[in-house]
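[1] Dropping a prediction and its sequence here:
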Amino acid sequence: MFQIIKQDNSTSARTGRLTTPHGVIDTPAFMPVGTEAAVKTLTPSELKECGAQVILSNTYHLAVKPGEKFIEELGGLHRFMSWEGPILTDSGGYQVFSLAPLRKVEDAGVLFQSHIDGKTHFFTPERVIDIQKALGSDILMPLDECPGYNAGEKEIEKSVERTTAWAKRSVDYFRRNFDVGEGLKPAPTLHFGIIQGGMSQELRERSAVEITSLPFDGFAIGGLSVGEPKELGYEIAAFTAPKLPINQPRYLMGIGTPEDILEAVSQGIDLFDCVLPTRYGRYGYAFTSGGMISLRDARYAKDTLPLDPECHCGACQSFSRAYLRFLIKGREILGLRMVSFHNVYFYMRLMSDVREAIAKGIFGEFRKRRGRPMCLSNHGKGARIGASLPV
RNA sequence: GGGGUCGUGGUGUAGCCUGGUUUAACACAUCUCCCUGUCACGGAGAAGACCGCGGGUUCAAAUCCCGUCGACCCCG
């Protein structure tokens, strides 16, 4: 399923190829987020144009609305949303933690109220596998418990125990529902484990040992980007990544900014997902080779440059910052679409540049050149992430 | 020609009757900042009106009185 192509010699970065029922993913890869069966504002063909090979969708949202049975009846998620490539579905553990107004976690599962209509739902590890099976996901995630940054040690320890117990049930149930060697399919459906443990190295270690002892096809680091300082998140990811089997795909959930991704790639992470390119696209923040720019800033009101003079995306070929700013400020759909498109294109280009740099054995140098901080507080200050790679 | 209603930041309004607790309030828009397994959501902060104009009464006027200009309505 997962084949490592090239291991970087100065860092833990590697390129690889992950095969799924709906096709191959070249890693390191970024998955645009399509929570509600849509990568917001973008069509599948636009995603392909950006270079996206895999997208992420969501168990929680789709189970709440319109319901997995509904999508199954219409031919599964791929057909429903007209996306032919691989889909990874998140389990809903994070959403229960971040969205549900009321939730009660117990050993059997988690009882919560939908943030949409207030209906109560009960998610168990088995139910979450059922939902993802009905959706027709290529990569399934098991139900986990994701504690917040302010959670106490006891609470985190409990969540690690629970996540492991649920992972065991998930693995058992997955085995019974997905036969190995599913006949004519190009590749079997995959199932990844999730490591928790908050900001405690001891608990991260324990979670990693417990989860990696189970027969998963890949491993994810969860529970980061929940409000912790950036450096602490890096520290935990750097601590946890080496505890994961070297020959299996590693997925850092919910991360991140371009420099977060470069950092994590150097730690040996293969998969990423993050809402930033699309969410920020809708807010008028554009990732550029010169750093992030906020189109809402008055300074771009009459700026005739494209979002990023070095970018080859359709939005940059056609539109000025001034025009896109005007659209964004008027909440014009075209503006939301174009900046989202540009941002996804930027991320995809970043990933292909990363793969190319690793393949050529120059990732360390590449990262130094491109990995300077780029976050909101740095925009406009000359940070350079997306400068095109002189090869 | 007669009568009436209204005129308060960019926009829409509140306050006026019962003058002082008003550094003139609110919403949207504007300008900064924030958002990492989604949020066209939401949060933090800033700037912006000498209350149409002129005069009067009063210790004190967005508030009461007179005039004037403008918008709208009714009657001729």
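    Yep, that arrived.

[2] CA atoms for contacts and neighbours, from now on please.
    OK.

[3] Would you enumerate the residues in contact with residue A:190?
    By C-alpha atoms under 8 Å, 6 or more residues apart in numbering, the contact set of residue A:190 is A:20, A:138-140, A:216-218.

[4] Surely residue A:4 is in contact with residue A:268?
    No. When contacts are counted by C-alpha atoms under 8 Å, residue A:4 is not listed as touching residue A:268 (11.2 Å).

[5] what touches both of those two?
    Going by C-alpha under 8 Å, 6+ apart, residues that sit against residue A:4 and also against residue A:268 are residue A:14.

[6] out of the two, which sits in the more crowded spot?
    Remark: of residue A:4 and residue A:268, residue A:268 carries more neighbours, 25 against 16, as counted by other C-alpha atoms under 10 Å.

[7] The more buried one: which element?
    Taking DSSP states H and E as the definition, one finds residue A:268 inside no helix or strand.

[8] Look up how far residue A:15 lies from it.
    Plainly put, residue A:268 is 9 Å away from residue A:15 if you go by C-alpha to C-alpha, to the nearest Å.

[9] now the contacts of residue A:190 as CSV including secondary structure, neighbour count and pLDDT?
    Formatted as CSV, the contacts of residue A:190 follow (DSSP: H, G, I helix; E, B strand; the rest coil; neighbours: other C-alpha atoms under 10 Å; pLDDT from 0 to 100):
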residue, secondary structure, neighbour count, pLDDT
A:20, strand, 24, 97
A:138, coil, 24, 97
A:139, strand, 22, 98
A:140, strand, 26, 98
A:216, coil, 21, 97
A:217, coil, 18, 97
A:218, strand, 22, 98
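
[10] Now do the same for whichever strand or helix holds residue A:96: mean pLDDT, whole number.
    Taking DSSP H and E as the criterion, residue A:96 maps to helix A:93-98. Averaging pLDDT along helix A:93-98 yields 87.

[11] so what secondary structure elements neighbour the helix or strand just after that helix?
    Next helix or strand after helix A:93-98 toward the C-terminus (DSSP H and E): strand A:103-105. For strand A:103-105, the elements it packs on are strand A:110-113, judged by 3 or more C-alpha pairs under 8 Å, 6 or more residues apart in numbering; DSSP states H and E.

[12] Next, the buried residues of the following helix or strand past the strand it packs on.
    Following strand A:110-113 in sequence order, the next helix or strand is strand A:120-123 (DSSP H and E). Neighbour counts over strand A:120-123 (16 or more other C-alpha atoms under 10 Å) mark residue A:123 as buried.

[13] ok so, going back, ok, the helix holding residue A:96 near RNA strand B or not?
    Yes. On the criterion C-alpha under 7 Å from any atom of the strand, helix A:93-98 is in touch with RNA strand B at A:93-95.

[14] which one of those is nearest residue A:105?
    Minimum distance to residue A:105 across the residues of helix A:93-98 next to RNA strand B is 10.5 Å, recorded for residue A:93 (C-alpha to C-alpha).

[15] Check what pLDDT the closest residue to the closest one other than its chain neighbours gets.
    Nearest residue to residue A:93, sequence neighbours excluded (C-alpha to C-alpha, 6 or more residues apart in numbering): residue A:144, at 5.0 Å. As predicted, residue A:144 sits at a pLDDT of 96.

[16] Residue A:144 reaches residue A:96, doesn't it?
    No. Between residue A:144 and residue A:96 there is no contact under C-alpha under 8 Å: 9.8 Å.

[17] higher neighbour count, those two?
    residue A:144 (31 against 26).

[18] What is the three-state secondary structure of the more buried one?
    Secondary structure, DSSP: H, G, I helix; E, B strand; the rest coil: residue A:144 is coil.

[19] Next up, phi/psi of it, please.
    Main-chain dihedrals, residue A:144, degrees, to the nearest 10: phi -130, psi 170.

[20] quick one, what contacts it?
    Residue A:144 touches A:91, A:93-94, A:162-163, A:166-167, A:194, counting by C-alpha under 8 Å, 6+ apart.

[21] any idea how far residue A:52 is from RNA strand B?
    Plainly put, residue A:52 is 13 Å away from RNA strand B if you go by C-alpha to the nearest atom of the strand, to the nearest Å.

[22] wait, isn't that residue in contact with residue A:32?
    Yes. Between residue A:52 and residue A:32 there is a contact at 7.4 Å, judged by C-alpha under 8 Å.

[23] May I see the contacts of residue A:190 arranged in JSON lines, with distance to residue A:41 as well?
    As requested, those are exported to JSON lines (distance: C-alpha to C-alpha, whole Å):
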{"residue": "A:20", "distance to residue A:41": "26"}
{"residue": "A:138", "distance to residue A:41": "23"}
{"residue": "A:139", "distance to residue A:41": "24"}
{"residue": "A:140", "distance to residue A:41": "25"}
{"residue": "A:216", "distance to residue A:41": "33"}
{"residue": "A:217", "distance to residue A:41": "32"}
{"residue": "A:218", "distance to residue A:41": "30"}
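
[24] Of those residues, which ones also sit close to RNA strand B?
    Applying C-alpha under 7 Å from any atom of the strand to the contacts of residue A:190, none is adjacent to RNA strand B.

[25] and which of those residues is nearest to residue A:10?
    residue A:218 (23.6 Å).

[26] re the thing from before, in PDB, could you pull the C-alpha coordinates for the helix holding residue A:96?
    Extracted in PDB, the C-alpha atoms of helix A:93-98 (Å, rounded to 0.1, in the frame of the first residue of the first chain):
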ATOM      1  CA  GLY A  93     -13.500  12.700  17.200                       C
ATOM      2  CA  TYR A  94     -12.200  16.200  16.700                       C
ATOM      3  CA  GLN A  95     -15.500  17.600  15.700                       C
ATOM      4  CA  VAL A  96     -17.300  16.200  18.700                       C
ATOM      5  CA  PHE A  97     -14.600  18.000  20.700                       C
ATOM      6  CA  SER A  98     -14.700  21.200  18.800                       C
END
